[in-house]
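Asks: just to be clear, the model below is a prediction. Sequence and coordinates:
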Amino acid sequence: MAAQKKVTFGVIVGNRGFFPDQLAKTGREEIISVLEAAGANVVVLGPEDSKHGAVETYAEAQRCAELFKKHADEIDGIIVTLPNFGDERGIVDAIRLSGLRVPVLVQATPDRSEEMTIAVRRDSFCGKMSACNNLMQYKIPYSLTMLHTESLTSPEFTADLAWFTSVCRIVKGLKNLRIGAIGARPAAFNTVRYSERLYESSGISIEPIDLSEIFGRIAKMGDNDAAAQAKLAAIKSYVATGKVPEAALLKMAKLGAVIDTWMKQTNVSVTAVQCWTSFEEYFGVVPCTIMSMMSNDLIPSACEVDVPGLLGMYMLQLGSGTPSALLDWNNNYGTNPDKCVCFHCSNLPKHFFAEAPTMDYQAIIAGTVGIENTFGTCVGRVKAGTMSYARYSTDDNHGIIRGYTGKGAFTADPLDTFGGAGVAEIPQLQKLLKFICREGFEHHVATNFSDVSKAIHEAATRYMGWDSYLHGEE
């Protein structure tokens, strides 16, 4: 897995002349230290640009905006820090004039009850309300810290910074996203219908390619093609293939090479792929392993051209920096109302398995199309650990994008079945299932070994303008 790129924050240090100036000076120094210690890059005015490098006057707001413009391609989010009351006009003018449309976090440093003299009192508790009121007036979306006031070195701000970093990564990753739709929606899967136009309204484009074009490119590729042979070697190093005929492996390798080339040619970042039963009947393998490899390399790939499911996978991945998988909410687990079985055939990334997966055939449809045409699944048991889940679908009846997210865990409970499967435990699962059924959501859900559901919800509602239900937080 590739390491996540460092985030860059534009920082606005609020200041107001009626309050102690030295607080702006030390506040600026402190937030730079905290952000750099967290591994972030910082873009902020210096003492040579404004009084203590803070923003108060319109002229200082202009200078801050110009600085942000110079780094517009780098800045992932803006942090407004209030070491004292701060000037709300300078803050909002700096953001408006910069033209940046990125997440904004407002932090206010608390007063100490034993230090409330005129020389040291901050009043940032009050100033934060004024800053937020102006952000609202200027229609600038913004996020809030867990507590109204937080010290920059507190555990609460450390947690808030990690959360906000995930929000920024999600929002930036969705900007101008290009999704590859490989093949048509399977006729039997009405559940994966979606509206391209609604996604386009959020800046998410769909680039389709017919399976006939994929198969045609494969047909023109020689067995000794360098890209195909490289992909074949990659497959064999990724998963145990001892049960699988060499001819089937070569088909998978050519498929992977063709998809890689097409994605580069079209600037596509993620893919949703048709499977049942065109691949098996007309090409003779399943695409699961190729999709598993892509997802494991942080290039998520979803089956059945489930673009909404793929979007959930990508959002979870952006927030966590780790691979996501698309699973079915598939079975009850005994009589436990808060547990269920999540399953797929499977194309789960290797990251999801408790032990190294093996390549096998697709057991469900092998009886229909023949075992020899269904090799290529990655099978094994999903490991135990904290997980987040998400799905964001289009609602054509109301012309909106809507979805849900939440936190749960995969458990080590015994499970003897086929494919890629695990036992999930979700607090108040029955309530969530009723929500899914009552609201008409699909049976596919994106999952990720992380706790980023709150960041997903914030990005979706605050910055993408989508409807979102955060399970377990109501």
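Replies: Now that the structure is in, tell me what you want to look at.
Asks: what's the pLDDT at the closest residue to A54 other than its chain neighbours?
Replies: Once flanking residues are discounted, A54 sits nearest to N15: 3.6 Å by CB to CB, 6 or more residues apart in numbering. For every residue, glycine as well, the C-beta is placed using N, CA and C. pLDDT, N15: 93.
Asks: the helix-or-strand element of the chain with minimal mean pLDDT: which residues count as buried?
Replies: When the helices and strands of the chain are scored by mean pLDDT, DSSP states H and E, helix 363-369 comes last with a mean of 90. Within helix 363-369, the residues scored as buried using 16 or more other CB atoms under 10 Å are 365-366, 369.
Asks: quick one: residues in contact with the helix or strand just after that helix.
Replies: Remark: after helix 363-369, the chain's next helix or strand is strand 375-381, criterion DSSP states H and E. Strand 375-381 is contacted from outside by 239, 243-245, 248, 252, 285-290, 292, 345-348, 350, 353-362, 415, 418-422, using CB atoms under 8 Å, 6 or more residues apart in numbering.
Asks: quick revisit: can you list the buried residues of helix 363-369 in a markdown table and add distance to V192?
Replies: Formatted as a markdown table, the buried residues of helix 363-369 follow (distance: CB to CB, whole Å):
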| residue | distance to V192 |
| --- | --- |
| I365 | 17 |
| A366 | 22 |
| V369 | 21 |
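Asks: just the buried ones from the contacts of strand 375-381, in PyMOL syntax?
Replies: In PyMOL, this line selects whichever of these come out buried by 16+ other CB under 10 Å:
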select buried, resi 239+244+248+252+285+286+287+288+289+290+292+345+346+347+348+350+353+357+358+359+360+361+362+419+420+421+422
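Asks: assign the residue nearest the centre of the chain to helix, strand or coil.
Replies: For the chain, the residue sitting closest to the mean C-alpha position, by CA atoms, centre = their mean, is M315 at 2.0 Å. Using DSSP: H, G, I helix; E, B strand; the rest coil, the structure places M315 in helix.
Asks: residues touching it, list them.
Replies: Per CB under 8 Å, 6+ apart, neighbours of M315: 170, 173-174, 390, 392, 446, 456, 459-460.
Asks: kindly report the same for W276.
Replies: 186, 188-189, 304, 365.
Asks: can you select the buried ones from these in ChimeraX?
Replies: Here is the ChimeraX command that selects the buried residues among the contacts of W276 (16+ other CB under 10 Å):
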select :186,189,304,365
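Asks: CA-only coordinates of the least confident helix or strand of the chain in CSV, if you can.
Replies: These are the backbone C-alpha positions of helix 363-369, laid out as CSV (Å, rounded to 0.1, in the frame of the first residue of the first chain):
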residue,chain,number,x,y,z
ALA,A,363,-18.9,-21.5,-6.0
ILE,A,364,-22.3,-19.9,-6.5
ILE,A,365,-22.4,-19.8,-10.3
ALA,A,366,-20.1,-22.7,-11.1
GLY,A,367,-23.0,-25.0,-11.3
THR,A,368,-24.5,-22.8,-14.0
VAL,A,369,-21.5,-21.9,-16.2
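Asks: was I right to think T358 contacts Y238?
Replies: No. If you go by CB atoms under 8 Å, T358 and Y238 don't touch, sitting 11.1 Å apart.
Asks: which residues sit against the particular helix or strand that has C340 in it?
Replies: Per DSSP H and E, C340 falls inside strand 339-344. The contact list for strand 339-344, computed with CB under 8 Å, 6+ apart, reads 303, 325-333, 382, 410-411, 413, 415, 417, 419-426, 429, 445, 447.
Asks: out of the residues you listed, which are buried?
Replies: Buried members of the contacts of strand 339-344, counted by 16+ other CB under 10 Å: 303, 325-330, 333, 382, 410-411, 419-426, 429, 445, 447.
Asks: where does the stretch 1-150 of the chain dip in pLDDT?
Replies: Scanning the stretch 1-150 of the chain for pLDDT under 70 picks out the ranges 1-2.
Asks: ok, back up a step: which ones among the contacts of M315 map onto strands?
Replies: Where the contacts of M315 overlap with strands, as defined by DSSP state E, the overlap consists of 390, 392, 446.
Asks: E207: which of the residues you listed is nearest?
Replies: The nearest member of those to E207, counting by CB to CB, is Y392 at 18.9 Å.
Asks: is the closest one in contact with G403, as I believe?
Replies: Yes. The criterion here is CB under 8 Å, and Y392 meets it with G403 at 3.3 Å.
Asks: which residues are common contacts for those two?
Replies: Taking CB under 8 Å, 6+ apart as the criterion, Y392 and G403 both touch 308, 312, 460, 466, 468.
Asks: which one of the residues you listed has the most neighbours?
Replies: The residue in the shared contacts of Y392 and G403 with the most neighbours, by other CB atoms under 10 Å, is G312 (29 neighbours).
Asks: residues in contact with the residue lying closest to it once chain neighbours are set aside?
Replies: Leaving aside its sequence neighbours, G312 sits nearest to A446 (CB to CB, 6+ apart; 3.2 Å). Residues counted as contacts of A446 (CB under 8 Å, 6+ apart) are 302, 309-313, 315-316, 324-327, 389-391.
Asks: over to S278?
Replies: Neighbouring residues of S278 by CB under 8 Å, 6+ apart: 183, 186, 211.
Asks: gap between the nearest residue to the last one once chain neighbours are set aside and D111?
Replies: Pointing back at L211 there. Closest residue to L211 apart from its sequence neighbours, by CB to CB, 6+ apart: G183 at 4.2 Å. G183 is 61 Å from D111, where distance means CB to CB, to the nearest Å.
Asks: more neighbours, the two?
Replies: For G183 versus D111, neighbours defined as other CB under 10 Å are more numerous around G183 (22 against 16).
Asks: just the CA atoms of the host helix or strand of G127, as PDB, please.
Replies: G127 belongs to helix 124-137 when elements are defined using DSSP H and E. Presented in PDB, the C-alpha positions along helix 124-137 are these (Å, rounded to 0.1, in the frame of the first residue of the first chain):
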ATOM      1  CA  SER A 124     -12.000  33.200  22.400                       C
ATOM      2  CA  PHE A 125     -15.000  31.300  23.900                       C
ATOM      3  CA  CYS A 126     -17.100  34.300  22.800                       C
ATOM      4  CA  GLY A 127     -15.100  35.100  19.700                       C
ATOM      5  CA  LYS A 128     -15.700  31.700  18.200                       C
ATOM      6  CA  MET A 129     -19.400  32.400  18.100                       C
ATOM      7  CA  SER A 130     -18.800  35.600  16.200                       C
ATOM      8  CA  ALA A 131     -16.500  33.900  13.700                       C
ATOM      9  CA  CYS A 132     -19.000  31.100  13.100                       C
ATOM     10  CA  ASN A 133     -21.800  33.600  12.700                       C
ATOM     11  CA  ASN A 134     -19.800  35.400  10.000                       C
ATOM     12  CA  LEU A 135     -18.900  32.200   8.200                       C
ATOM     13  CA  MET A 136     -22.600  31.400   8.100                       C
ATOM     14  CA  GLN A 137     -23.400  34.800   6.700                       C
END
